[in-house]
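**Student:** only geometry, no sequence info:
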């Protein structure tokens, strides 16, 4: 504004980042965990029986058998199959009264499996944009605005750089503000393509529904259904005819799918208008080596005739572009190495936001020390930073602890798990407000080290899936969770020890009365035997 | 009076209002205009024109915000926003599909 272009961009970068930093950090952390949503689901429901080579066609028939024998007046139902990363065989339904239900089945016997109620990894993943305890539309607006600020912070962050390439390789440790800036640059520039992609595609998710609905209305008026129909390659949903007809056993349709695609990749089977003359059965698959959305075959549920093949209509370039962007955001196609890269990029994004927040405070703290008084705002942000950056991971660990420690049959179990998360976060947010900054960081880091480091032990004490067992069985989902928790705990421990070491060095420094003495004191200490 | 003039109508808050609210409205107008231009003046289907508009909308919004904060004076910012909004409103009225409302 007043000053050069770069200065005004720097101003915009600083304040847009600070304003929504904590919310963005929350979105990056929960979003990164979302890349392992089904793996976290699995850890949080250790009772689940794994599919281990059960045949897909047989599992579909077991689900059909469960629906026809155990549930009355089913209007529509669907099966989610354990293919790819998905560990569960889940059948869900809605009856003619509009009441819905869901059961997890044993993939080998088709009998319901008793599993603990939990929000699982799905809940963490959905919090990424739905937050929690807030009306859906409010939460969507908040996350859209935060994402827009993120985009601005990214663009202005790029603009303020003089030498972006050199920054990737620059780290000057133990230089206070300079070091924080270097780390912030590394976390931002190294995964910059990821940050840009994830922010822009995230905004597109919220564009039509929340932020920019006027663009669709500008061409379709109130007739949004035509927009979705024209855009989609899927089969339009048909209303029930109101006349009942005997549904065709799925085995006939399965044979046809088998011939066209092979059945192994089918992940969803959906039956609509069950028992009606207009019954529709659709089989969908996601291909892991492709960026396309799901592909679907739709059959007449009475005659078994193939009505629609979603691969037949080739979507246009603009539609493909947005489909690919959305698929990139979710990483649905990602294999294990790529999925870890997604996770790490997301964590680096969280690190970028965290270091940005810390940098803001460190810069102003240095000035406050010179002036001898700290602004209220600075003290507040310092407390908020510790409670966000370390407090949120602690709260998520508490969510996992609650999953293991709450009684299995307690009422509203999943809500109590989430309550544990938010109570823990509230405490870690309030705590630093009553402590000196450095002390708060160190103590929260100790707590984080304990919360993650002890998680595998809690798991070992409460389930049979402890680390030794899961490693011996080659159960990499369970083992991976425990090992990741240990890695997080070790990182927190390392950081806490580092802070303690620096603190004790700092005591020597600050005992000196003037700046000159401090400068002299350090080399003397270093050369002493 | 001093409260209003300096607290809320200083150059910074004026630019924030211009960027966030004015930018949002202008980004919507320009994206709608872009979608009309794409499907009325080229053989592209209507749905794709709309998708082009949606895909570009956030980039347009971001560019406007950055311009708002880098322009030389607040006067220039508001004049620029109003001119661009009026021009795109004219374009939208000319190209708007019939029977929309």
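**Tutor:** Arrived safely, thanks for sending. All of these numbers come straight from a predicted model, not from anything done at the bench.
**Student:** residue closest to the middle of chain B?
**Tutor:** The centre of chain B sits closest to residue B:26, judged by CA atoms, centre = their mean, with a distance of 1.3 Å.
**Student:** distance of that residue relative to chain A?
**Tutor:** The span separating residue B:26 from chain A equals 12 Å under the rule CB to the nearest CB, to the nearest Å. Placement of C-beta: from N, CA and C, glycine included.
**Student:** by proximity to chain B, which residue of the stretch 351-500 of chain A wins?
**Tutor:** residue A:377 (15.9 Å; CB to the nearest CB).
**Student:** how many residues are close by that residue?
**Tutor:** Using other CB atoms under 10 Å in any protein chain shown, the number of residues around residue A:377 comes to 11.
**Student:** the helix or strand that contains residue A:148 near chain B anywhere?
**Tutor:** When elements are defined using DSSP states H and E, residue A:148 is found to belong to helix A:136-159. Yes - where contact is defined by CB under 8 Å from any CB of the partner chain, part of helix A:136-159 touches chain B, namely A:148, A:151, A:152, A:155, A:156, A:159.
**Student:** quick one: mean pLDDT over whatever helix or strand residue A:178 lives in.
**Tutor:** Secondary structure from DSSP H and E places residue A:178 in helix A:177-189. Mean pLDDT, helix A:177-189: 87.
**Student:** got a list of contacts for it?
**Tutor:** A:154, A:157, A:161, A:164, A:167-168, A:170-173, A:195, A:348-349, A:351-352, A:355-356, A:358-359, A:362-363, A:366 (CB atoms under 8 Å, 6 or more residues apart in numbering or on different chains).
**Student:** selecting buried members of those residues in ChimeraX, what would you type?
**Tutor:** Buried residues within those, by 16 or more other CB atoms under 10 Å in any protein chain shown, are selected in ChimeraX with:
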select /A:154,157,167,195,348,349,351,352,355,356,358,359,362,363
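**Student:** which residues touch whichever helix or strand comes after the helix holding residue A:148?
**Tutor:** Elements were assigned by DSSP H and E; along the chain past helix A:136-159, the next helix or strand is helix A:164-168. Among residues not part of helix A:164-168, those counted as contacts by CB under 8 Å, 6+ apart are A:158, A:161, A:182, A:185, A:186, A:189, A:190.
**Student:** can you check what angle separates the longest helix anywhere in chain B from helix A:136-159?
**Tutor:** Among the segments of chain B that qualify as a helix by DSSP state H, the longest is helix B:46-70. For the pair helix B:46-70 and helix A:136-159, the angle between their directions (axes from the mean of the first three to the mean of the last three CA atoms, to 10 degrees) equals 60 degrees.
**Student:** spell out which parts of the stretch 351-500 of chain A neighbour chain B.
**Tutor:** Contacts of the stretch 351-500 of chain A with chain B, taken as CB under 8 Å from any CB, are absent.
**Student:** all helices of the stretch 351-500 of chain A, in order?
**Tutor:** Taking DSSP state H, counting those that start in this stretch to define them, one finds helices in the stretch 351-500 of chain A at A:376-389, A:391-405, A:413-430, A:437-453, A:455-462, A:467-472, A:476-511.
**Student:** picking up where we left off before, ok, the contacts of helix A:164-168 vs chain B, which is closest?
**Tutor:** Ranked by distance to chain B (CB to the nearest CB), the contacts of helix A:164-168 are led by residue A:158 at 10.9 Å.
**Student:** excluding its backbone neighbours, what's nearest the closest one?
**Tutor:** Take residue A:158 and drop its neighbours on the chain: the residue closest to it by CB to CB, 6 or more residues apart in numbering or on different chains is residue A:164, 6.9 Å away.
**Student:** model confidence score at the one you found, please.
**Tutor:** We have a pLDDT of 72 for residue A:164.
**Student:** just residue A:210 next, same as before
**Tutor:** The predicted local confidence for residue A:210 comes out at a pLDDT of 86.
**Student:** give me the below-cutoff pLDDT ranges for the chain.
**Tutor:** In the absence of a named chain, this looks at chain A. Along chain A, the parts satisfying pLDDT under 70 run over A:1-3, A:287-293, A:506-529.
**Student:** please go with chain B instead
**Tutor:** Across chain B, residues meeting the criterion (pLDDT under 70) sit at B:1-10, B:101.
**Student:** can you do 80?
**Tutor:** Per-residue confidence of chain B (counting by pLDDT under 80) places the weak regions at B:1-11, B:99-101.
**Student:** show me what from it comes close to chain A.
**Tutor:** B:11-12, B:15, B:27-28, B:31-32, B:35-36, B:39, B:44-55, B:57-59, B:61-62, B:65-66, B:69-70, B:92, B:96-97, B:100-101.
**Student:** buried members of those residues into ChimeraX, please.
**Tutor:** Buried residues within these, by 16+ other CB under 10 Å, are selected in ChimeraX with:
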select /B:15,27,28,31,32,35,36,39,44,45,46,47,48,49,50,51,52,53,54,55,57,58,61,62,65,66,69,70,92
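**Student:** all helices of chain B, in order?
**Tutor:** For chain B, helices defined by DSSP H occupy the ranges B:2, B:11-17, B:23-41, B:46-70, B:74-95.
**Student:** what is the burial count for the residue nearest to residue A:495 when sequence neighbours are not counted?
**Tutor:** The shortest distance from residue A:495 to any residue that is not its chain neighbour, by CB to CB, 6+ apart, is 5.1 Å, and that residue is residue A:445. Around residue A:445 there are 25 other residues, counting by other CB under 10 Å.
**Student:** repeat that for residue A:176.
**Tutor:** 12.
**Student:** gap between it and residue A:184?
**Tutor:** For residue A:176, the distance to residue A:184 under the criterion CB to CB, to the nearest Å works out to 13 Å.
**Student:** anything in contact with each of these two?
**Tutor:** Applying CB under 8 Å, 6+ apart, one finds that no residue jointly contacts residue A:176 and residue A:184.
**Student:** first-to-last residue distance for stretch A:34-52?
**Tutor:** Terminal residues of stretch A:34-52 lie 24 Å apart, using CA to CA, to the nearest Å.
**Student:** quick check: buried residues in that stretch?
**Tutor:** Applying 16+ other CB under 10 Å to stretch A:34-52 flags A:34-46, A:48-51 as buried.
**Student:** again, but for stretch A:371-379
**Tutor:** The neighbour-count criterion (16+ other CB under 10 Å) identifies A:374, A:378, A:379 as the buried residues of stretch A:371-379.
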